[in-house]
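Colleague: sequence and predicted structure, then a few things I'm wondering about:
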Amino acid sequence: MDVSGLGAPAEVTLFDESPLFDDGKEPQALRTIGEVAKALAIRPHVLRYWEEQFASLQPIKRSGNRRYYRPEDVALIRDIDRLVHREGYTLRGAAKAIAEKSPFEVKGNPSLAVVKPEGVPTGDWYGRLSAIREGLAEALARA
């Protein structure tokens, strides 16, 4: 794949001791499509195409359709790139693999890990919450 003009990214991972972006911004800062494309050596038109193919890839769009990628978007792009370009998945196969993943399971992003609270009372909380949810759904259907 020819990525001339984009520069090759360093061998680093998101949120580890080596920053993926060396621009002085905070790790949680929003990134433009150009910044993401350069850091990951993926052309911007490919990123825009992937937005159409992967429902979970939804960067923030501001005036003029300017895209801003959150850290979780960057982690998702890295997963897509790994699946498609290194593991040989088709786009459809990669989309299915990503859709089957837990929404809390974003590779390389420990800030999105599921935290299980301690001291939560046991009991039929799930059943009670399900009943509340069903009641709300019925009320919305009637409205």
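Modeller: Great, that's in hand.
Colleague: pull the helix or strand with minimum mean pLDDT from the chain.
Modeller: Within the chain, confidence by mean pLDDT, DSSP states H and E is lowest for helix 125-142 among all helices and strands, at a mean of 83.
Colleague: just the buried residues of it, please?
Modeller: Buried positions in helix 125-142, judged by neighbour count with 16 or more other C-beta atoms under 10 Å: none. (Each C-beta comes from the backbone N, C-alpha and C, glycine too.)
Colleague: now stretch 20-31
Modeller: Buried residues in stretch 20-31, defined by neighbour count with 16+ other C-beta under 10 Å: Leu20, Phe21, Leu30, Arg31.
Colleague: what's the farthest-apart pair in these?
Modeller: Checked with C-beta to C-beta, the buried residues of stretch 20-31 reach their widest spread between Leu20 and Leu30, with 13.8 Å between them.
Colleague: hmm, back to that, tell me the one of the buried residues of stretch 20-31 nearest Asp79?
Modeller: Taking C-beta to C-beta as the measure, Asp79 sits nearest to Leu20 out of the buried residues of stretch 20-31, at 13.7 Å.
Colleague: that closest one against Pro71, yeah?
Modeller: No: taking C-beta atoms under 8 Å as the definition, Leu20 is not a contact partner of Pro71, at 9.1 Å.
Colleague: and Ala97, how far is that from Phe21?
Modeller: Taking C-beta to C-beta, to the nearest Å as the measure, Ala97 falls 26 Å from Phe21.
Colleague: try Val36
Modeller: Val36 is 9 Å from Phe21, where distance means C-beta to C-beta.
Colleague: for Pro71, which non-adjacent residue is spatially closest?
Modeller: Gln28 (5.7 Å; C-beta to C-beta, 6 or more residues apart in numbering).
Colleague: neighbours of Pro71, how many?
Modeller: Pro71 has 22 neighbouring residues, counting by other C-beta atoms under 10 Å.
Colleague: ramachandran angles for it?
Modeller: With angles defined as degrees, to the nearest 10, Pro71 shows backbone torsions of phi -60, psi -40.
Colleague: surely it meets Phe21?
Modeller: No: Pro71 is beyond contact range of Phe21, at 9.8 Å (criterion: C-beta under 8 Å).
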